[in-house]
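Asks: Okay, sequence plus prediction incoming.
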Amino acid sequence: MENNSPEKVQLLIIGSGPAGYTAAIYAARANLKPVLYQGIQPGGQLTITTEVENYPGFPEGVQGPELMVHFEKQAHRMGADLRYGLATAVDFSSHPFKVTIDEEKLVEADAIIIATGASAKWLGLESEQRLNGYGVSACAVCDGFFFRGKEVAIVGAGDTAAEEALYLSKLCSTVHMIVRRNEMRASRVMQDRVKAASNIKVYWNSVTDEILGEKTVDAVRICNTETNEKTEIPIKGFFVAIGHQPNSDIFKGQLDMDEAGYLITVPGSARTNIEGVFAAGDVQDKIYRQAVTAAGSGCMAALDAERYLSEKGLH
C-alpha cells in the first residue's frame with residue numbers, strides 16, 4: 001500500500017445499485033456529505049437488464065441502464081460524491097472504519113453503508129451471455145411478462161426455480177423445466193405444486209448444452225446425462241434460476257452473515273452486528289431482490305446512519 005495519508009469521510013457508501021444510490025440521495029440531503037464508490041458494475045444488476053416495467057413512476061417502462069442513470073444523476077444533483085473504484089479490503093475492528101479502494105487508497109469513515117448487491121449465478125455458456133437481455137434472464141419476476149403466451153425454459157431445481165417456474169406457468173403457454181438430477185432440491189410443497197401445474201414439463205437428469213438463436217432466443221438444446229441424448233426445444237425465453245451469490249467476501253470474519261453469505265441485519269433496520277456499519281439491498285436480502293425493495297432499504301440505511309452519526313456527535 002502507498003504511504004499517503006488516508007482520506008477521512010463522514011459516510012462512505014460501498015456499491016451503486018438502487019440501494020447505494022438511494023442511500024446517497026437521502027444522505028446528501030441530510031448533509032452527511034456521502035462518498036460513494038461505484039464498484040465493479042456501476043449501477044448494479046439493472047445495467048444488464050433491458051426493459052423494466054415494474055418500477056413505480058415509469059408508466060411506459062424504462063430501460064434498466066437508463067433507470068440507473070436517473071438514480072446516479074439524482075444522487076449527484078443532491079451533492080453526493082460519486083467515484084469509480086472498488087472496495088478491496090475493510091477493517092471494522094476500530095473507529096473510524098478503514099476501507100481500502102483498488103488495493104491502494106485508504107479511506108476512513110465514521111459510518112459505512114454496504115450496498116454491494118448480489119450477482120446471479122450463471123451456467124457459463126457463451127450463448128447465455130451473448131443473449132442476456134435478448135431472451136435470457138436470471139429473473140422471472142422481472143422479465144416473465146415479456147413472454148406471455150410463449151414457450152420458455154427454466155433451469156434450476158431449488159425453491160427459487162420452482163417458484164419462478166410456477167410464476168411463469170401463469171403467463172406462458174408451456175414452461176420447460178431443466179433439472180440436473182432425478183429429483184429437485186426444492187421443498188416438498190413446491191415440488192408438489194410444480195408437478196400439479198399442467199403446463200410445466202420437467203426434464204430430469206438434463207443439462208443445458210446450448211441456447212440457440214442469433215439475435216434472440218429460438219430454442220434450447222438439452223442433454224440427458226444418462227443417455228447422452230440431445231433434444232432441441234423451441235422456446236422464446238430462457239431463465240436461469242440456479243441462485244444468487246451475495247457480493248460479501250471482503251466482509252467475511254467481520255460482519256455476521258448467513259451460510260450463503262448474505263449479511264444479517266437487525267429486522268426492521270439496516271443495522272449489522274457492528275455499530276455504525278449498515279447494509280442495504282441484495283447483499284442482505286435473499287427473499288425479494290427487486291429494485292424497489294433495494295431502493296427502500298437504501299433509504300432505511302441512510303436514515304439509520306444519520307441517526308447513528310447524530311447520536312455519536314459525529315454530525
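Replies: Here it is on my side, so go on.
Asks: In this structure, what helix or strand scores lowest on average pLDDT?
Replies: Taking mean pLDDT, DSSP states H and E as the measure, the helix or strand of the chain with the lowest value is strand 51-52, at a mean of 82.
Asks: Tell me which residues are up against it.
Replies: Residues external to strand 51-52 that are found in contact with it (CB atoms under 8 Å, 6 or more residues apart in numbering): Leu46, Phe58, Gly61, Val62, Gln63, Gly64, Leu67, Cys142, Asp143, Phe146, Ala291. Just so you know, the C-beta spots here come from the backbone N, C-alpha and C atoms, and that holds for glycine as well.
Asks: in the stretch 51-200 of the chain, which spans are helices?
Replies: Counting by DSSP state H, counting those that start in this stretch, residue ranges of the helices within the stretch 51-200 of the chain are 64-77, 126-130, 140-143, 159-169, 188-196.
Asks: among the ones you listed, which is nearest Asp102?
Replies: Taking CB to CB as the criterion, helix 64-77 is the member of the helices of the stretch 51-200 of the chain that comes nearest to Asp102, at 19.7 Å.
Asks: how near is Thr265 to Thr22?
Replies: As defined by CB to CB, to the nearest Å, Thr265 lies at a distance of 16 Å from Thr22.
Asks: quick one, which of these two is more surrounded?
Replies: Under the criterion of other CB atoms under 10 Å, the comparison of Thr265 against Thr22 puts Thr22 first, with 27 against 24.
Asks: Distance to Val202 added to the contacts of strand 51-52, as JSON lines?
Replies: Rendered in JSON lines, the data for the contacts of strand 51-52 read as follows (distance: CB to CB, whole Å):
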{"residue": "Leu46", "distance to Val202": "31"}
{"residue": "Phe58", "distance to Val202": "36"}
{"residue": "Gly61", "distance to Val202": "32"}
{"residue": "Val62", "distance to Val202": "35"}
{"residue": "Gln63", "distance to Val202": "34"}
{"residue": "Gly64", "distance to Val202": "31"}
{"residue": "Leu67", "distance to Val202": "35"}
{"residue": "Cys142", "distance to Val202": "23"}
{"residue": "Asp143", "distance to Val202": "21"}
{"residue": "Phe146", "distance to Val202": "23"}
{"residue": "Ala291", "distance to Val202": "31"}
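Asks: Show the buried residues in those.
Replies: Buried residues within the contacts of strand 51-52, counting neighbours by 16 or more other CB atoms under 10 Å: Leu46, Val62, Gln63, Gly64, Leu67, Cys142, Asp143, Phe146, Ala291.
Asks: my guess is the last one meets Gly20, correct?
Replies: No - shown here, Ala291 and Gly20 do not form a contact pair, counting by CB atoms under 8 Å, at 12.0 Å.
Asks: what's Ala241 in contact with, if anything?
Replies: For Ala241, the contacting residues are Ala138, Ala140, Ile154, Val155, Gly156, Gly158, Thr160, Ala161, Glu164, Ala165, taking CB under 8 Å, 6+ apart as the criterion.
Asks: Among those, find the lowest-pLDDT one for me.
Replies: Lowest pLDDT within these is found at Thr160 (84).
Asks: pretty sure it is touching Ala260, no?
Replies: No - taking contacts as CB under 8 Å, Thr160 lies outside contact range of Ala260: 11.7 Å.
Asks: between those two, which one's more packed in?
Replies: Neighbours were counted for Thr160 and for Ala260 using other CB under 10 Å; Thr160 has more, 20 against 12.
Asks: And for that one, nearest residue in space, chain neighbours not counted?
Replies: The spatially closest residue to Thr160, leaving aside those adjacent along the chain, is Ala241, at 5.2 Å (CB to CB, 6 or more residues apart in numbering).
Asks: which residues does the residue nearest the centre of the chain contact?
Replies: Most central in the chain under CA atoms, centre = their mean is Ala118, positioned 3.9 Å from the mean C-alpha point. Counting by CB under 8 Å, 6+ apart, Ala118 makes contact with Gln45, His244, Gln245, Pro246, Asn247, Tyr262, Asp282, Val283, Lys286, Arg289.
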